Structures are given as structure tokens and as C-alpha cells.
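S.K.: With the sequence up front, the predicted model follows.
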Amino acid sequence: MNLSNMVKLRKKEGANPVIAEIKVYSPKHGDLLRGRDPLDILRIYERSGVAGISYITANEFKGNFDTLRQICNETDLPVLRKDFITSKGEIERTAEVGASAILLITRILGEKTAEFVDYALDHGLDTLVEVHSIEEARIANETNTTMIGINNRDIAILERDDGNVELTERLCRHVRGDVVRVSESGIRSIDDLKRALKCADAALIGTAFMMAENTEEFVRAFVEAGR
Ligand SMILES: O=C(O)c1ccccc1NCC(=O)[C@H](O)[C@H](O)COP(=O)(O)O
């Protein structure tokens, strides 16, 4: 099942649709893997009932394409590739490796976003079009994307800011309601999650999960928290 449909299914089942990120490194917090195997984290996320997996392949976050390939081979959950995509070749490569969805950033692609969305959809990928302002939401709304992500943190400064769900609350009403809306980044607590899911359909969380002492218990609490 693709990522957007899995989010809808989890919502229908009464679980909180959480996309859990296997995040190796954060420009703000440093090493997040702490010697662990990404595939062990994958198993924990699977057991915790998340809707999908996110993995960053960008160098700035110390990710790589081989690990994305391994994750796609090892799980039945939909996998989102996050990177600074600027070429259609990268869309083809993402589809070939078996990912379910690809991130497309309006700040980078501008008015070319719609064309990249159609190309990804033609290659069988779900598209998560990312916005951080009202103007970027306008660009995203005019595409055929299946999902729109509100990034609470500023990716232009490699998320070194303290962005939080407030941005989701402000921008959500500017985002079309007939797509899956995802609140991304800066979600640290169950209270943040509840605020995000008041307007968004899903939440994408990395750092808080990677820093948790007992990952499985922590993630499961997010998935099962009542609203
Ligand atoms: O979101 C982007 O535009 C992006 C693009 C390429 C690499 C990384 C990118 N953002 C960082 C993230 O994806 C966050 O790690 C993710 O949203 C989780 O956030 P957090 O829970 O704050 O770690």
C-alpha cells in the first residue's frame, strides 16, 4: 500500500498516523544513530504500528542511497525518500529502488513543482510536496500531489531553528483539504502531536524518536495516544 493510503487506513483504524524517520544525523543535535543499526530501528518502528518510514539520503544529514535501498528491501511499510531533489533522474532512481513516496520541495523547485509531481506520479510514486509559507502553499495547491507537507522547521538553514507545530496551525488552512496533509519536523511531545493532528492528517517525526531512551515504548505512545 502506498504512503497516502496507509495514512488514511491508520486514521480509519483509530491510530495516530505517524511517519517515523530513521534519522542518522541532525545538523542541530549531531549523531542520532549512536552506533545502532538503521535496520534495527526499522524493526522497532514496524512493531510500534507506524504508518510509514522516512529516510533522508542527503549528505548534509549523513544519509546514503544504499541504506534507502536496504530499508525498502526489508520492509512492507511504505518508505518516503527525503532529499533535495532537483532532477528527474533522481525520481526514476527512487522509484527503481522500491520507495513509495518522494519529497519535492517548493522552495527549490518553484513553479517546476507541478511538472516534477506529475513525473513522480507517472513513475508510481506518491508525492509529498513541502511548504513553509503561504506562497509555497499556493504553489503546492496547484499541483496534482497526493500529499502536502508543512515543514515546521526552516530547511534553508538545515533546520537549525526551533520551529514547532505553530506553523502547521497557521498554514494548514491555506493547504488544500483533498490531499493528505503532513506536519513535518519539530514534533517533540504527545501534546505537539495532538496539536498537529487537529489540522493535519499525519505527523512526520525523527529526532524525538531517535533520542528516546526506550524507542518502542516512546513511539507506540505517540501512535496510540487518544486525541
Ligand atoms: O524537509 C526537508 O526539506 C528535507 C530535505 C532533505 C533533507 C532533510 C530535510 N528535512 C529534515 C527532515 O526531514 C526532518 O528530519 C524530519 O522532518 C523530521 O523532523 P524532526 O522530528 O524535527 O527530526
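M.R.: Thanks, I have it.
S.K.: C-alpha only now, for contacts and for neighbours.
M.R.: OK.
S.K.: roughly how far apart are the closest residue to residue 123 other than its chain neighbours and the ligand?
M.R.: Leaving out its chain neighbours, the residue that sits closest to residue 123 by C-alpha to C-alpha, 6 or more residues apart in numbering is residue 95, at 6.4 Å. From residue 95 over to the ligand the distance is 17 Å, taken as C-alpha to the nearest ligand atom, to the nearest Å.
S.K.: Which residues does the helix or strand residue 95 falls within contact?
M.R.: Using DSSP states H and E, residue 95 maps to helix 88-96. Residues from elsewhere that reach helix 88-96 (C-alpha atoms under 8 Å, 6 or more residues apart in numbering): 81, 85, 102, 116, 119-120, 123-125.
S.K.: so which pair among these is furthest apart in space?
M.R.: Greatest spatial distance in the contacts of helix 88-96: 85 and 124, 16.6 Å, computed using C-alpha to C-alpha.
S.K.: Could you look up the SS state of the residue nearest to the spatial centre of the chain?
M.R.: Central residue of the chain (C-alpha atoms, centre = their mean): residue 204, 4.6 Å from the mean position. Classification of residue 204 by DSSP: H, G, I helix; E, B strand; the rest coil places it in strand.
S.K.: before we move on, what about residue 173?
M.R.: Applying three-state DSSP: residue 173 is helix.
S.K.: Could you measure from it over to residue 63?
M.R.: In this view, residue 173 and residue 63 are 33 Å apart by C-alpha to C-alpha, to the nearest Å.
S.K.: Which of these two has more residues huddled nearby?
M.R.: Set residue 173 next to residue 63 and count neighbours by other C-alpha atoms under 10 Å: residue 63 wins out with 19 against 13.
S.K.: Could you tell me the phi and psi values at whatever residue of the chain ends up closest to the ligand?
M.R.: Residue of the chain nearest the ligand, by C-alpha to the nearest ligand atom: residue 185 (3.2 Å). When read as degrees, to the nearest 10, the backbone of residue 185 gives phi 80, psi 150.
S.K.: So which bits of this protein are right by the ligand?
M.R.: 56, 58, 82-84, 155, 184-187, 204-208 (C-alpha under 6 Å from any ligand atom).
S.K.: repeat that for 5 Å
M.R.: 82-84, 184-186, 205-207 (C-alpha under 5 Å from any ligand atom).
S.K.: Point out where the chain drops to low pLDDT.
M.R.: Low-confidence segments of the chain (pLDDT under 70): 227.
S.K.: in the chain, which spans are helices?
M.R.: Along the chain, counting by DSSP state H, helices occupy 3-13, 38-47, 65-74, 88-96, 106-109, 113-122, 134-141, 166-171, 190-199, 207-211, 215-224.
S.K.: can I get those in CSV with mean neighbour count?
M.R.: As requested, the helices of the chain are arranged in CSV below (neighbours: other C-alpha atoms under 10 Å):
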stretch, mean neighbour count
helix 3-13, 18
helix 38-47, 17
helix 65-74, 16
helix 88-96, 16
helix 106-109, 18
helix 113-122, 19
helix 134-141, 19
helix 166-171, 18
helix 190-199, 19
helix 207-211, 21
helix 215-224, 18
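S.K.: So for residue 178, which of those sits nearest?
M.R.: Taking the helices of the chain one by one with C-alpha to C-alpha, helix 134-141 is closest: 9.8 Å.
S.K.: helices or strands next to the closest one in the packing?
M.R.: The contact analysis (3 or more C-alpha pairs under 8 Å, 6 or more residues apart in numbering; DSSP states H and E) places helix 134-141 against helix 106-109, helix 113-122, strand 126-131.
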